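*Asks:* Sequence plus the predicted model coming up.
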Amino acid sequence: MTRLPTKNVDDIDLSDMAFWALPLAEREEAFAILRAERPLAAFAEPDFSGMSLHAPPPGRGYRAVTRHADVVEVSRHPELYSSSKGALSIIDLPEEMLEFFAGMISTDNPRHARLRRIVSSAFSPRRIAATGETVEAVAGRLIDRVAPLGECDFVTELAAPLSLEIICDMMGLPASEHATVFRCSNVLASSGDSEFLEPGDDPLEAMLSAGHEFVDLLARLRKFREVHPTDDLTTALISTNIDGEALTPAELASFFILLLTAGNETTRNSITHGLVALTEHPDQRALWQADPAGVARTGVDEIVRWASPVNWMRRTVTEDTTLSGVALEAGDKVLLFYGSANRDEDVFEDPYTFDVRRDPNPHVGFGAAGPHFCLGAHLARMEIDVMLRELLVRLPDIEASGEPVPAVSRFVNGIKHLPCSFTPTAPRA
Ligand code: HEM
């Protein structure tokens, strides 16, 4: 894989996978150059035709929005910057894929508001606070399992199963289905990482078949829930009736897929980046350990700013306009680079310092204010808080003990594996 020099603005290519394989410090340097010299740089779209028979040819390119102020501006004007052509993909997806992946995140009003209303109450601060005991119980059980070992893979044993079990529980999925959800959501979110594909697999075909597995799972659960309704999210989705209208089968399927995948990778990666950051910054860890409840209020958001688990979301310009003095035409694509906005020197003092007491912290890790602001933000904050609190109490000297294995992805700032070690202890009675 080529290493790209990042010193010259003309050498930076955000569409080149090699860029996303560079060490984080080099990528951050490139974004600092873009913010300073070319904050709305234009890039050609990646060409996936060599990877998949289903890939459409690249479109006419996109602009990379790298400054905080511009990310905020675009997010708060959905009438000018639409999500309905697809928020999660640079290329315009083929019709059969849009059906699965155009959940509410890829819609505009009035459809977006109608869809979001169906599930928003389940994610309110009050409802999420009420799930606190479940999150504590799951975190406690996962820690019990590894406590006597003294070491483990932090991602696969602790961070990943926590977010997976919690969202599956909210959706009403039994433990027997967790492995399927884990596998399929990895395929969908990793978009082509060979670790999650069989040798020779066509990545777009693998994503489609993961989507189909979710649809089968939904069909089985739906049959059961129609006879045994509960207050889980799947029951809310299948029984919803707004102005006499139920969700169509495609809306139902894409909702189910979005809810099961959106929170998995993102929360897992935040918790994992959190352990790496606390290991690398023992002074910050000491602050957290001395006052877990007090520091979590600011520390959790600093972890999300630091990790910036989602690299970008896409919007499509609806009418000719200008952004920071750059003319944009209807149909132009813009990608909001959250990690870059979260290091913007104009907004954050010492943006490259990990400061668990940073306050205020107007990061855009969950997106900026606007209709699509992360629905799961309260849930994610609570999971990060509970997991770190439980870890620092139960395994007080836990630390990252080796290099993280990064996920090479344009879309997520992921860690696939992270060795960690701690003094072995007995599981709780
Ligand atoms: C630290 C963890 C998380 C991060 C960093 C994160 C990040 C994001 C971002 C950047 C967006 C897009 C915002 C925009 O386009 O303006 C988003 C939307 C969304 N997130 Fe999260 N997320 C996290 C956790 C979760 C969890 C736990 C769930 C639970 C299901 C979730 C569900 C969603 C949904 C459904 C949307 C679409 C909202 C809409 O279109 O109205 N997220 N998230």
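*Replies:* The structure has been received and is ready for your questions.
*Asks:* Up against the ligand, what does the stretch 151-300 of the chain have?
*Replies:* With the criterion set to Cβ under 6 Å from any ligand atom, the stretch 151-300 of the chain comes near the ligand through 167, 258-259, 262-263, 266-267, 270. C-beta here means a position set from N, CA and C on the backbone, and glycine is covered the same way.
*Asks:* which of the residues you listed lies closest to residue 110?
*Replies:* Using Cβ to Cβ, residue 258 comes nearest to residue 110 of those, at 18.5 Å.
*Asks:* what's the closest non-adjacent residue to that closest one?
*Replies:* Setting aside the residues directly before and after it, residue 258 is nearest to residue 103 in space (Cβ to Cβ, 6 or more residues apart in numbering), at 3.3 Å.
*Asks:* Which elements pack onto the worst-scoring helix or strand of the chain on mean pLDDT?
*Replies:* Lowest by mean pLDDT, DSSP states H and E among the helices and strands of the chain is helix 95-101, with a mean of 72. Judged by 3 or more Cβ pairs under 8 Å, 6 or more residues apart in numbering; DSSP states H and E, helix 95-101 is in contact with helix 203-227, helix 249-280.
*Asks:* What residues does the closest residue to the ligand within the stretch 201-350 of the chain make contact with?
*Replies:* Per Cβ to the nearest ligand atom, residue 263 is where the stretch 201-350 of the chain lies closest to the ligand, at 2.6 Å. Counting by Cβ atoms under 8 Å, 6 or more residues apart in numbering, residue 263 touches 163, 166-167, 376, 379-380.
*Asks:* Kindly report the same for residue 153.
*Replies:* By Cβ under 8 Å, 6+ apart, the contact set of residue 153 is 417-420.
*Asks:* got JSON lines for these, with distance to the ligand, pLDDT and neighbour count too?
*Replies:* Shown next, in JSON lines, are the contacts of residue 153 (distance: Cβ to the nearest ligand atom, whole Å; pLDDT from 0 to 100; neighbours: other Cβ atoms under 10 Å):
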{"residue": "417", "distance to the ligand": "19", "pLDDT": "96", "neighbour count": "16"}
{"residue": "418", "distance to the ligand": "16", "pLDDT": "98", "neighbour count": "24"}
{"residue": "419", "distance to the ligand": "22", "pLDDT": "98", "neighbour count": "16"}
{"residue": "420", "distance to the ligand": "19", "pLDDT": "98", "neighbour count": "25"}
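*Asks:* May I see those organised as TSV, with secondary structure added?
*Replies:* Conversion of the contacts of residue 153 to TSV gives the following (DSSP: H, G, I helix; E, B strand; the rest coil):
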residue	secondary structure
417	strand
418	coil
419	strand
420	strand
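*Asks:* about what we covered before: what about the least confident helix or strand of the chain and the ligand, touching?
*Replies:* No - Helix 95-101 is not in contact with the ligand by Cβ under 6 Å from any ligand atom; minimum separation 12.1 Å.
*Asks:* which residues are in contact with that helix?
*Replies:* Contacts of helix 95-101 (Cβ under 8 Å, 6+ apart): 54, 86, 88-89, 93, 106, 188, 204, 207-208, 211, 214-215, 250, 253-254, 257.
*Asks:* Please repeat the previous calculation with a cut-off of 10 Å.
*Replies:* The contact list for helix 95-101 (Cβ atoms under 10 Å, 6 or more residues apart in numbering) reads 54, 56, 85-89, 92-93, 102, 106, 188, 204, 207-208, 210-212, 214-215, 249-251, 253-254, 256-258, 261.
*Asks:* Can I get the buried ones among those as something I can paste into PyMOL?
*Replies:* To isolate the buried subset of the contacts of helix 95-101 in PyMOL, counting by 16 or more other Cβ atoms under 10 Å, use the following:
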select buried, resi 54+85+86+87+88+89+92+93+102+106+188+204+207+208+210+211+214+215+251+253+254+256+257+258+261
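*Asks:* which residues does the residue of the chain found nearest the ligand contact?
*Replies:* Closest contact between the chain and the ligand, by Cβ to the nearest ligand atom, is at residue 376 (2.0 Å). Counting by Cβ under 10 Å, 6+ apart, residue 376 touches 119, 122-123, 128, 163, 166-167, 170, 259, 262-263, 266-267, 366, 382-383.
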